[in-house]
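> Here is a sequence together with a model predicted from it:
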Amino acid sequence: MQPVVQFRNVNKHYGSSIAVDSLDLSIEPGQFVTLLGPSGCGKSTTLRMLGGFETPTSGEIYLDGKEISRLPPNKRNVNIVFQDYALFPHLSVRRNVAFGLELKGLASEAIHKRTMELLSLVRLQEFADRMPAQLSGGQRQRVALMRALAPNPNVLLLDEPLSALDAKLRQQMQVELKSIQRTTGKTFIFVTHDQEEALTMSDVIVVMNSGRIEQMGDPHTLYSRPRSRFVANFIGESNFIEGTLKGTKGGLAAIEWNGSVVHAGLNGQDLQAGSRVAVALRPEAVSVFAAKPAEKLAFEGRITQRLFKGDHTSLTIELPNGQVIAAQLDPVALSRITDDRVWIGWREEDAVALAD
């Protein structure tokens with residue numbers, strides 16, 4: 001299957017500043033792809049180059065196999081939804097959604113049918129004659145989405161469109177946005193710095209750092225098998241245990257740490273014996289025991305902090321060597337921990353060895 005979008009060795013420089021560095025990226029039709037990373041990592045610049053609002057310094061961008069790197073925005077079959085929605089305040093909801101169709105010169109009956117179909121998709125057909133100022137933030141967001149989808153673009157670009165919404169509405173819109181993408185079958189390319197948004201909605205997440213792709217994959221793979229400290233820390237929270245690699249066997253790394261040998265998954269990485277490595281371990285993967293288990297490798301520690309977070313409690317545990325470990329326990333597991341003196345351990349398949 002031909003990718004709907006391709007970046008081939010794309011670079012974008014602003015003077016001596018490198019915003020996007022040697023980007024190679026292919027996106028399949030019908031995917032919900034999220035460009036995720038901190039401010040200044042190049043994700044919005046990448047989106048704007050695809051939309052035609054920025055021109056690459058070098059490299060090529062393809063849409064459905066056609067090179068579009070230097071075509072103006074109106075010559076590309078893509079549309080974009082911005083953070084501020086950019087609705088026309090003097091036009092009704094109906095006219096906002098119909099705007100792109102009117103520019104195409106479609107018949108009024110066809111415009112009306114398409115407009116009402118889209119408004120029905122987001123349950124706003126009864127608001128067709130209202131003005132944008134009469135809508136809530138979530139309703140304005142839905143109108144902006146439908147306006148962008150009305151001309152039937154190949155790809156919809158979304159530049160942090162949920163950032164202006166409150167937390168509860170943002171969660172609701174995550175579900176709705178994914179539902180709209182599935183219903184329409186369109187390729188959505190979404191930009192955010194919010195890991196929860198990325199994990200909730202995406203088929204593929206592209207983690208960017210300093211203008212480059214740090215790692216790309218489905219949400220579960222990126223969360224459970226990060227390939228760098230940056231990814232492990234940016235998507236969720238991770239403990240890092242640093243030690244010396246003794247050797248590898250059967251896809252596992254043996255690491256000398258705290259007077260013992262611990263094991264962690266290699267995740268396809270080529271690590272050299274004798275090198276310094278880090279073990280990434282999610283807090284929810286840490287087991288906490290009230291007494292030292294007889295048949296498991298475990299390390300003694302002391303709980304220094306407990307933070308209740310509703311469905312779980314976050315624990316901060318300090319080991320004798322000064323290492324601090326974060327753990328998460330559900331109410332049942334927590335009920336077994338009656339003292340601050342505890343032992344911790346983990347399954348080797350839940351830990352990932354990384355180059356230090």
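Yep, that arrived. All values reported here derive from a predicted model rather than from experimental measurement.

> Tell me which stretches of the protein form helices.
With helices called from DSSP state H, the chain shows them at 43-51, 93-103, 108-121, 137-149, 167-184, 195-201, 219-224, 229-234, 331-335.

> Point out where the stretch 251-356 of the chain drops to low pLDDT.
Applying pLDDT under 70 to the stretch 251-356 of the chain picks out residues 356.

> ah, wrong one, I meant the chain
356.

> How is it divided into domains?
The chain breaks down by automatic domain parsing into domains covering 5-229, 237-355.

> Redo those as CSV? Include mean neighbour count.
C-beta here means a position set from N, CA and C on the backbone, and glycine is covered the same way. Listed next are those as CSV, based on neighbours: other Cβ atoms under 10 Å:
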stretch, mean neighbour count
domain 5-229, 18
domain 237-355, 16
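
> before we move on, back to that, closest to residue 29 out of the helices of the chain?
helix 167-184 (12.0 Å; Cβ to Cβ).

> For that closest one, enumerate the helices and strands it packs against.
Where contact means 3 or more Cβ pairs under 8 Å, 6 or more residues apart in numbering; DSSP states H and E, helix 167-184 is packed against helix 108-121, helix 137-149, strand 187-192, helix 195-201.

> Just the angle for that helix relative to helix 137-149, thanks.
30 degrees (axes from the mean of the first three to the mean of the last three Cα atoms, to 10 degrees).

> okay, the angle between helix 167-184 and helix 108-121?
Helix 167-184 and helix 108-121 are oriented at 130 degrees to each other (the same axes, to 10 degrees).

> next one: helix 167-184 to chain centre, how far?
14 Å (Cα atoms, centre = their mean, to the nearest Å).

> So what touches it?
With contacts defined as Cβ atoms under 8 Å, 6 or more residues apart in numbering, helix 167-184 is touched by 32, 121-122, 137-138, 141-142, 145, 149, 158, 162, 165, 188, 190, 196-197, 200-201.

> tell me the contacts of the closest residue to residue 265 other than its chain neighbours?
Distances taken as Cβ to Cβ, 6 or more residues apart in numbering place residue 352 nearest to residue 265, at 5.3 Å, with adjacent residues excluded. When contacts are counted by Cβ under 8 Å, 6+ apart, residue 352 touches 224, 225, 226, 232, 264, 265, 267, 279, 280, 281.

> how close does residue 237 sit to residue 54?
Look at residue 237 and residue 54: by Cβ to Cβ, to the nearest Å, they are 34 Å apart.

> likewise residue 316?
44 Å.

> Then residue 151?
Between residue 151 and residue 54 the computed distance is 21 Å (Cβ to Cβ).

> Equivalent analysis for residue 16, please.
17 Å.

> Assess the claim that residue 351 and residue 265 are in contact.
Yes - counting by Cβ atoms under 8 Å, residue 351 touches residue 265, with 6.6 Å between them.

> so who does residue 138 touch?
Neighbour list for residue 138: 165, 169, 172, 173 [criterion: Cβ under 8 Å, 6+ apart].

> and what of residue 286?
Residue 286 touches 239, 317, 325, 326, 327, 328, 344, 345, 346, counting by Cβ under 8 Å, 6+ apart.

> if you skip the residues just before and after it, what's nearest to it?
Closest to residue 286 by Cβ to Cβ, 6+ apart is residue 327, at 3.9 Å.

> same thing with residue 281?
residue 239 (4.5 Å).

> In contact with the one you found: list those residues for me.
Listed by Cβ under 8 Å, 6+ apart, the contact set of residue 239 reads 280, 281, 282, 283, 286, 325, 326.

> What of residue 201?
In this structure, residue 201 makes contact with 32, 34, 174, 177, 178, 181, 190, judged by Cβ under 8 Å, 6+ apart.

> Report the central residue of the chain.
By Cα atoms, centre = their mean, the chain has its centre lying nearest to residue 198, at 2.8 Å.

> Surely residue 285 and residue 350 touch.
Yes - counting by Cβ under 8 Å, residue 285 does reach residue 350; the two are 3.8 Å apart.

> related to what we said a few turns ago, TSV for the helices of the chain, including distance to residue 86?
Putting the helices of the chain into TSV (distance: least, Cβ to Cβ, whole Å) gives the following:
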stretch	distance to residue 86
helix 43-51	13
helix 93-103	10
helix 108-121	17
helix 137-149	7
helix 167-184	17
helix 195-201	20
helix 219-224	29
helix 229-234	29
helix 331-335	46
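
> Good, we can wrap up now.
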